[in-house]
Each structure stands twice: as C-alpha cells, then as structure tokens.
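K.L.:
Model the structure of this input:
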Amino acid sequence: MIFEPGFTIRNVWLHDGTLEDAIAWRERIDEAPDVGYVYLLGYANGHTKIGATAYFPERLSTHQRDARRWGANLTRCMVTRPAFNYLQVEREVKRQFDHTQYFGEVFIAPINDIANFVQFLPLSLVATEEWGRSRSGAHQFLMRLMAELSEGLGPRTGDGMQRYVQTILDRHAALGRATGLSERDATINALAVIEVHTGLDLSAFHAVLQEVE
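P.N.:
Numbers count the residues shown, from 1 in each chain. This is a model prediction of the structure:
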C-alpha cells in the first residue's frame, strides 16, 4: 500500500507494503536536507530489522541486494513519513526492543509489535524552534572549525547562496507535497533548514507563516 496525501496527525507511515514498492518512491521524492525516515523490514521468519536513513529508496535498494545475496526473504517494508527527529526515534525503538536483539539491527520481534510502538512516538514532521537552535549551534562550530583548517572556506555568497537556498526550498516543497504536508508546513521546514545551514535570520518569514492556518 502506498499512501497518498491526506494524512492524519497519527498516520506516521508513508509506506506499508513490499520492499520493491518502497524502492519505487525514488521516482517521486528526492533527499531533502536534515529530515529522514525510520524503516522496518519484516523477514519471513518473524524477525524485524530496524533502521533509519536520510533517503530510504537508496538504503532499501542496498538491503534488497544483501537479502538476495544471503537468500533472506523480506516479506514487508514499513517507512515513516520524513521527520527531523528520525535518529532519536530509531534509538528509542531499539532501546525499547533491545531485549529481543538478535544481531546488529535485527530483532526477534514481530514487525506489528514494533510498528505499534513507533505509531505513538512523537515524530517531528515540522521543524521546531528547539531543533533550529540546537542545529544552529553545531553548524556555527563546524563552520569555525572548517575556516581554521582551510583558508577561504566560509558561508556561500551571491549567486551560489541563492541557488543553495532555492534548492532547499524546492526539495522541501516537493517532499511536502509527496508525503502529505501542507505547503505552509513544508515552507516552515525549508526556512528552518536554510537558517541552520546559512546563518540567515528568517524570523520575519516565520512570523508571517505562523499566522497562516
């Protein structure tokens, strides 16, 4: 099953079906900066793999090749909607089921049990102010470090900055349309990412968007 736009707040799943159909999402979405996905892979023996990735069609293609190489039978694939806290969600899920760990990211737990747990975890589909503040600090530190290591490195300017900003806007707008976000929320996400990566102050735009229902 591939869900089309029209999600409810508790509908965290973007895909629930075959691995092949999940990989086919590469025709509909591109990777967008700073958001990612938690995915579950169900094996025929009842085991489940738990993972997270910034772009699931590519990652799942790797799992498909590995499964064919080792003769594993993957019977089901579930992927969450894109979220800013996908890595935290992945860690929380693995912590909850660590007593069932078989090896690596494979757990002796039914995929439905794990999916039910994921269903009620907070998934940050829209960037929060806290996320922006935490990432801005890390980015500023990285930029200072890069400047010390290599003379001339610094923030993008002029036409390069404009193209970079436009790419982020385009990627998040397209991802929002494909995964059920409103245009407003997709724009909020894009602005938050732009602020983190460029240091621009876009608070005036945020204020306008907050007034839009």
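
K.L.:
most centrally placed residue in the chain?
P.N.:
Nearest to the mean C-alpha position of the chain, by C-alpha atoms, centre = their mean, lies Gly36 at 1.2 Å.

K.L.:
My assumption is that His15 lies in a strand; please confirm.
P.N.:
Yes: assessed with DSSP: H, G, I helix; E, B strand; the rest coil, His15 lies in a strand.

K.L.:
pLDDT at the residue nearest to it when sequence neighbours are not counted, what is it?
P.N.:
Distances taken as C-beta to C-beta, 6 or more residues apart in numbering place Val79 nearest to His15, at 4.3 Å, with adjacent residues excluded. Quick note: C-beta positions are derived from backbone N, CA and C, even for glycine. We note a pLDDT of 97 for Val79 in this prediction.

K.L.:
ditto for the one 3 residues further on
P.N.:
Per-residue pLDDT puts Pro82 at 97.

K.L.:
How many residues are close by the nearest residue to it once chain neighbours are set aside?
P.N.:
The shortest distance from Pro82 to any non-neighbouring residue, by C-beta to C-beta, 6+ apart, is to Val35 (4.2 Å). Each residue near Val35 was counted by other C-beta atoms under 10 Å, and the total is 23.

K.L.:
Surely Val35 touches Leu175?
P.N.:
Yes: proximity of Val35 to Leu175 meets the contact threshold set by C-beta atoms under 8 Å, at 7.3 Å.

K.L.:
any residues in contact with both of the two?
P.N.:
By the contact definition C-beta atoms under 8 Å, 6 or more residues apart in numbering, Val35 and Leu175 are jointly contacted by Pro82.

K.L.:
give the contact list for Asn189.
P.N.:
Asn189 touches Ala32, Val35, Phe84, Val126, Ala127, His172, Gly176, Leu181, counting by C-beta under 8 Å, 6+ apart.

K.L.:
my guess is it is in a strand, correct?
P.N.:
No: using three-state DSSP, the assignment for Asn189 is helix, not a strand.

K.L.:
Roughly how far does it sit from Arg171?
P.N.:
10 Å (C-beta to C-beta, to the nearest Å).
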